[in-house]
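*Asks:* Build me a model from this:
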Amino acid sequence: MALALEAAEARLRSIMQTVPDAMIIIDERGRIESLSTTAERLFGYSMAELAGRNVSQLMPSPDREQHDGYLKRYLTTGERRIIGIGRIVVGQRKDGTTFPMHLTVGELRSAERHYFTGFIRDLTDQQLTESRLKELQSEVTHMSRYTALGEMASTLAHEINQPLTAISNYLRGSQRLLDRLDGEPVPMLREALGKAADQALRAGHIIRRLREFVSRGDSDRRIESLAKLIEDASTLALVGAREAGITVSFRLDPKADFVLADRIQIQQVLVNLIRNAMEIMTETANDRRLDIATAAGPGELVEVSVADTGSGLAPEVAKHLFQPFVTTKRHGMGLGLSICRTIVEAHGGKIWVESPPGGGTIFRFTLRAATMEEGADAN
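*Replies:* Numbering: from 1, shown residues only. Got it, this is the predicted structure:
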């Protein structure tokens, strides 16, 4: 009997030393019986420090004060509120810091005694990742709206400027016709036409200033790691890729890493291209593969490519794809790729699309490369 008990204890010690999740075993009074090695690292205590202590020591207030009441109520009434049901709670380390964790509690009866096992997963990294994703998504969305507004303003300015020029020409022609006429109303008509011409010119100046403001498009360009830009943008853009059956591969050339870029703007371009590729493959392809690659381009340029296995583009569509208000989507505005072109060209690069013989679509764009020395200076 003693040998069997020793063997069982040895097996338990082995489990507690190797189980990947933090694991705690307590008795019916809440006293800690065993603590896994992972739990020791997570909470900052050794098993020797916690043996026989109440598990509420690992909780912040008010849970610390209420925990024994939870146990007593369960043992008295059998009402389950957490046992067998995973939930997110807060833990407290030895140094007093708290952290979010997912807790699953199990129950074990042995020789008329109750034991409870708690399996704990630290959610700190997950919450930081989610927080970073929300921050990045907010930044990209804000920049997308700003750039879309600028693109629309530039396009509208160009379109409105043409009728304004025509109006101005018609007014000048009307004034010349009035010069040939006599009569009392002529001076009034001439004054009215002059005022109308002045307003047309004023409107033209406003449009011109708007276009200058938009084209200036101040941005915060710095030495950035292209691999990191792609990693951050992909984390956001590839949400749902696995569920959609899309296989993603990355081929990043370490020699083509540092670029001079506005981080948010280039991430916006990458997110737009990746999401477009995912959408077209989800709608049109059974074999769904997405390839994101970088390579050293000609001169002092770095080339980025996003290739998909979708249905491809018709030549007449590809020719006008980067123009404003041209779209292949049923409900799209046709500004996404136009904005991408505006951003890339403002960075001194080019963006274009290719339709390879085997099908699919490849979008490519270039950025100005930065040297390792520049990258080191920037850091």
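*Asks:* count of residues packed around the residue nearest to Arg251 when sequence neighbours are not counted?
*Replies:* Once flanking residues are discounted, Arg251 sits nearest to Ala293: 4.0 Å by CB to CB, 6 or more residues apart in numbering. Backbone N, C-alpha and C define where each C-beta goes, glycine included. Counted by other CB atoms under 10 Å, the residues lying close to Ala293 total 18.
*Asks:* list the helices and strands whichever strand or helix holds Ala293 packs on?
*Replies:* Under the criterion of DSSP states H and E, Ala293 resides in strand 289-296. In terms of contacts (3 or more CB pairs under 8 Å, 6 or more residues apart in numbering; DSSP states H and E), strand 289-296 is packed against helix 226-237, strand 247-251, helix 263-284, strand 301-308.
*Asks:* Does the residue nearest to Arg251 touch Ile362 like I think?
*Replies:* No. In this structure, Ala293 is not within contact of Ile362 by CB atoms under 8 Å, at 9.4 Å.
*Asks:* Common neighbours of the two, please.
*Replies:* Common contact partners of Ala293 and Ile362 (CB atoms under 8 Å, 6 or more residues apart in numbering): Ser305, Ala307.
*Asks:* Identify the bridge partners of Ile351.
*Replies:* Under DSSP bridges, the beta-bridge partners of Ile351 are Phe365.
*Asks:* Tell me who's in contact with it.
*Replies:* Here Ile351 is in contact with Val269, Phe322, Cys340, Arg341, Val344, Glu345, Phe363, Arg364, Phe365, Thr366 (CB under 8 Å, 6+ apart).
*Asks:* low-confidence ranges in the chain?
*Replies:* Residues of the chain meeting the criterion pLDDT under 70: 1-20, 78-85, 111, 125-158, 183, 206-219, 316-320, 323-335, 371-379.
*Asks:* All the strands of it, residue numbers only.
*Replies:* Assigned by DSSP state E, the strands in the chain fall at 22-27, 32-35, 87-92, 98-110, 113-122, 221-225, 247-251, 258-262, 289-296, 301-308, 351-354, 361-368.
*Asks:* got CSV for the ones you listed, with distance to Met188 too?
*Replies:* Formatted as CSV, those follow (distance: least, CB to CB, whole Å):
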stretch, distance to Met188
strand 22-27, 90
strand 32-35, 97
strand 87-92, 78
strand 98-110, 77
strand 113-122, 83
strand 221-225, 56
strand 247-251, 72
strand 258-262, 55
strand 289-296, 68
strand 301-308, 62
strand 351-354, 55
strand 361-368, 58
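*Asks:* so Arg251 touches Ile292, yeah?
*Replies:* Yes. Using CB under 8 Å, Arg251 is in contact with Ile292, at 7.5 Å.
*Asks:* When those two are compared, which one has more neighbours?
*Replies:* When neighbours are counted by other CB under 10 Å, Ile292 comes out ahead of the other of Arg251 and Ile292, with 22 against 11.
*Asks:* Identify the bridge partners of the more buried one.
*Replies:* As for beta bridges, Ile292 partners with Phe250, Val306 under DSSP bridges.
*Asks:* Tell me if I'm right that it and Ser234 touch.
*Replies:* Yes. The pair Ile292 and Ser234 passes the contact test of CB under 8 Å, sitting 6.8 Å apart.
*Asks:* list the residues that contact both of the two?
*Replies:* Shared contacts of Ile292 and Ser234, defined by CB under 8 Å, 6+ apart, comprise Val248, Phe250, Ile274.
*Asks:* For Gly360, which non-adjacent residue is spatially closest?
*Replies:* Thr309 (4.5 Å).
*Asks:* burial measure for the one you found, as a count.
*Replies:* Close neighbours of Thr309, defined as other CB under 10 Å, add up to 23.
*Asks:* residue nearest the centroid of the protein?
*Replies:* The centroid of the chain falls nearest to Leu236 when counting by CA atoms, centre = their mean (3.1 Å).
*Asks:* distance of that residue from His102?
*Replies:* 24 Å (CB to CB, to the nearest Å).
*Asks:* beta partners for the nearest residue to Ile88 once chain neighbours are set aside?
*Replies:* Nearest residue to Ile88 in three dimensions, chain neighbours excluded: His102, at 5.6 Å (CB to CB, 6+ apart). His102 forms beta bridges with Ile88, Arg121, as assigned by DSSP bridges.
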